[in-house]
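A.B. asks: Take a look and give me a structure for this.
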Amino acid sequence: MSEDLLSPQPTDEVLPAPVEVLRGTVQEQWIDYNGHLNAGYYLVAFDDAIAPWMDFIGLGTAHRAVRDITTFSAQNHITYVQEIGPDEPYVITVQLLGFDRKRVHAFQSMIQTRDDFVAATCEVMSLNIDGPTRRVAPMDDEPFGRLSEIWAVHRELELPPGAGRSIAIPATEEASRHPSLI
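C.D. replies: Below is the predicted model of the structure:
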């Protein structure tokens, strides 16, 4: 097996953080009746950004082909920050928040580049999956080492606003909430 096939892509360098992984433009067909990007297309854009992120951290196409592994998204938490409309350019960046042998916890930001504002964020937990068994499995040393290199840079970054946020209605006299959420 060629070790070249296991090297991280698209670069061997750990770039300044967060890492820019995808540039795009909001398509007209993605716009809803409110005149802004439909909620479902935010997830499409964030999901499209996962492949280049996985290539960057060493769990991408080449590694999957050689090791017969893949990754699954176990959880996504999208926060809509500011409206973004048709034909508006955006970039998606990723910050590593943590990892272990079976999981990668990352924070994606969609930044509208014309006016430079955060349109949305997506906190994602990815799982390392053994291809034949379709079960969570420990990742190999190569991507684990790559994540360690990236972590050396990303651990120094401030926690992004909204990271680790949960969904809840604040307790008030008028609020009705499930008893288990109190």
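A.B. asks: Secondary structure class of residue 86, three-state.
C.D. replies: When classified by DSSP: H, G, I helix; E, B strand; the rest coil, residue 86 comes out as coil.
A.B. asks: That one: what's it in contact with?
C.D. replies: Residues counted as contacts of residue 86 (C-beta atoms under 8 Å, 6 or more residues apart in numbering) are 26-28, 30-31. Bear in mind the C-beta positions are built from the backbone N, C-alpha and C, glycine included.
A.B. asks: Of those residues, select the buried ones using a ChimeraX command.
C.D. replies: To isolate the buried ones among the contacts of residue 86 in ChimeraX, judged by 16 or more other C-beta atoms under 10 Å, type:
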select :26,30,31
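A.B. asks: JSON lines for the contacts of residue 86, including secondary structure, pLDDT and distance to residue 179?
C.D. replies: Output for the contacts of residue 86, formatted as JSON lines (DSSP: H, G, I helix; E, B strand; the rest coil; pLDDT from 0 to 100; distance: C-beta to C-beta, whole Å):
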{"residue": "26", "secondary structure": "coil", "pLDDT": "96", "distance to residue 179": "41"}
{"residue": "27", "secondary structure": "coil", "pLDDT": "95", "distance to residue 179": "43"}
{"residue": "28", "secondary structure": "helix", "pLDDT": "95", "distance to residue 179": "45"}
{"residue": "30", "secondary structure": "helix", "pLDDT": "95", "distance to residue 179": "39"}
{"residue": "31", "secondary structure": "strand", "pLDDT": "95", "distance to residue 179": "40"}
